[in-house]
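**Q** my questions are about this predicted structure, shown below with the sequence.
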Amino acid sequence: MDVGLTLAIALALAFAFTNGIHDAANSTATLVATRAGRPGPALGVAAVGIFLGPFLLGSAVATTIAGIVDVEPDETVEVMTAGLVAALAWNGLAWYRGLPSSSSHALVGGLVGAAIAAAGFGAVNWGGFDGWRPVGVLGVLVALALAPPLGATAAYVVFRLLRLGLRRATRRFEQPIREAQWVSSGLLALGQGANDAQKTIGVVAALLLANGTTSSLHAPFLVTFGAALAMALGTVLGGWRIVRTIGRRIYDLKALDALASQTGSAAVILGSSLAGAPVSGTHVVASSVVGVGLGRERWGRIRWAVVTEIGLAWLTTVPATALLAAALLDLWRLLT
């Protein structure tokens, strides 16, 4: 295995690690914010779910990510490397500021920018949809755009149904609701692992195919294991900064709110994973918290300044990482 390929794979695993820090900890945010669980055990459950996700729910997302760019085999390593470095830089900046930016947006923007810099607009598979399955950049961007409103809607509906069903419930139902949060948090983590770790798996699969190590985009077991483990470790070691923003800064959550948020988010992310649609777990969870706030009809209690900050990050991530990746690739070619 040559040095360039080894470096690119190492960067992909580092991206999975930062993805765990940045995105996957959101599966614990509402659980911790409502004091249904302490951060340590909650992050442990999330790590287990995230690790199992890519093994249990297929590789549809990996196939979608691997098909975003279409460059010559000898250009694949430098394109993937530039895209990953740009995504890592953006993830690091967002984590430092405690901002729930999207690792998915960062990766897509980085890969597209690097591919265009390497070989022009024809090096990007613009795509669309093949039935329900997103194909290429346009399909991925549509999925990324639809996921937040779907998360908000799902959480709103779940909350209203729960409140209707429990309208005469006494305080003794509060403990079962808190226990149910552990189940919904585990399902959400499973979806996060299936969706987010598969993005790294897709990048590595494309690298191995271009190098001739494999003959298809089917990733070897060790690739799946490495991506899942890196993301699970990131979740355990560094997720608290983003947990605080999702769980406490957007809206003050109660136990029922958290259960609705987790359940709605899990439904959207699990469904997206099965359909091969890469989505931002960060933004799905954040929008689900907003959906619960709307379900309580408390517009004024939602901290719209925080929501606006997240929305601006959502809009700027793809173009910012695309430009950064293109600049990095051009600089590399200039120096070599």
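**A** Now that the structure is in, tell me what you want to look at.

**Q** quick one, helices of the stretch 51-200 of the chain?
**A** Under the criterion DSSP state H, counting those that start in this stretch, helices of the stretch 51-200 of the chain are mapped to 60-66, 73-97, 103-119, 136-165, 174-192, 198-211.

**Q** hang on, residue 254 packs against residue 36?
**A** No - assessed by C-beta atoms under 8 Å, residue 254 is found out of contact with residue 36, at 10.4 Å. Just so you know, the C-beta spots here come from the backbone N, C-alpha and C atoms, and that holds for glycine as well.

**Q** ok so, going back, among the helices of the stretch 51-200 of the chain, which is nearest residue 42?
**A** Set against residue 42 and scored by C-beta to C-beta, the helices of the stretch 51-200 of the chain come closest in helix 174-192, at 6.8 Å.

**Q** can you spell out which helices and strands pack onto the helix or strand harbouring residue 274?
**A** When elements are assigned from DSSP states H and E, residue 274 belongs to helix 255-275. If you count contacts as 3 or more C-beta pairs under 8 Å, 6 or more residues apart in numbering; DSSP states H and E, helix 255-275 packs onto helix 26-33, helix 60-66, helix 136-165, helix 174-192, helix 281-295.

**Q** most neighbours per residue, which of those helices?
**A** Mean neighbour count, computed with mean count of other C-beta atoms under 10 Å, is highest for helix 26-33 among the helices and strands packed on helix 255-275, reaching a mean of 31.

**Q** what angle do that one and helix 281-295 make?
**A** Helix 26-33 and helix 281-295 meet at an angle of 40 degrees, taking axes from the mean of the first three to the mean of the last three C-alpha atoms, to 10 degrees as the criterion.

**Q** poorly predicted segments of the stretch 101-250 of the chain, please.
**A** 169-172, 238-250 (pLDDT under 70).

**Q** repeat that for 90
**A** 101-104, 127-136, 163-179, 181, 185, 211-219, 234-250 (pLDDT under 90).

**Q** which of residue 254 and residue 36 has more neighbours?
**A** A side-by-side neighbour count of residue 254 and residue 36, using other C-beta atoms under 10 Å, places residue 36 first with 21 against 16.

**Q** how about the nearest residue to the more buried one once chain neighbours are set aside, what does it touch?
**A** Nearest non-adjacent residue to residue 36, counting by C-beta to C-beta, 6 or more residues apart in numbering: residue 178, 4.0 Å away. Contacts of residue 178 were listed using C-beta atoms under 8 Å, 6 or more residues apart in numbering, and they are 34, 36, 255.

**Q** could you dump the residues you listed to CSV with distance to residue 126 and pLDDT?
**A** Shown next, in CSV, are the contacts of residue 178 (distance: C-beta to C-beta, whole Å; pLDDT from 0 to 100):
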residue, distance to residue 126, pLDDT
34, 43, 76
36, 44, 77
255, 45, 82
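
**Q** nearest to residue 283, of those residues?
**A** For the contacts of residue 178, the nearest to residue 283 is residue 34 (20.7 Å; C-beta to C-beta).

**Q** just checking, the closest one touches residue 255?
**A** Yes - using C-beta under 8 Å, residue 34 is in contact with residue 255, at 5.0 Å.

**Q** overlap of the contact sets of those two?
**A** Common neighbours of residue 34 and residue 255, using C-beta under 8 Å, 6+ apart, are 178, 181.

**Q** thinking again about what came up before, for residue 284, which of the helices of the stretch 51-200 of the chain is the nearest?
**A** When the helices of the stretch 51-200 of the chain are compared by C-beta to C-beta, helix 136-165 sits nearest residue 284, at 3.8 Å.

**Q** on that earlier part again, tell me which of the helices of the stretch 51-200 of the chain lies nearest to residue 321.
**A** helix 103-119 (3.5 Å).

**Q** CA atoms of the closest one as PDB?
**A** Extracted C-alpha coordinates of helix 103-119, given in PDB (Å, rounded to 0.1, in the frame of the first residue of the first chain):
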ATOM      1  CA  SER A 103     -20.000  16.700   9.000                       C
ATOM      2  CA  SER A 104     -22.000  15.300   6.100                       C
ATOM      3  CA  HIS A 105     -22.200  18.800   4.400                       C
ATOM      4  CA  ALA A 106     -18.500  19.200   5.100                       C
ATOM      5  CA  LEU A 107     -17.600  16.000   3.400                       C
ATOM      6  CA  VAL A 108     -19.800  16.500   0.400                       C
ATOM      7  CA  GLY A 109     -18.600  20.000  -0.100                       C
ATOM      8  CA  GLY A 110     -14.900  18.900   0.300                       C
ATOM      9  CA  LEU A 111     -15.200  16.100  -2.200                       C
ATOM     10  CA  VAL A 112     -17.100  18.200  -4.800                       C
ATOM     11  CA  GLY A 113     -14.600  21.100  -4.500                       C
ATOM     12  CA  ALA A 114     -11.600  18.900  -4.800                       C
ATOM     13  CA  ALA A 115     -13.000  17.000  -7.800                       C
ATOM     14  CA  ILE A 116     -13.900  20.200  -9.700                       C
ATOM     15  CA  ALA A 117     -10.400  21.600  -9.000                       C
ATOM     16  CA  ALA A 118      -8.800  18.300 -10.200                       C
ATOM     17  CA  ALA A 119     -10.800  17.700 -13.400                       C
END
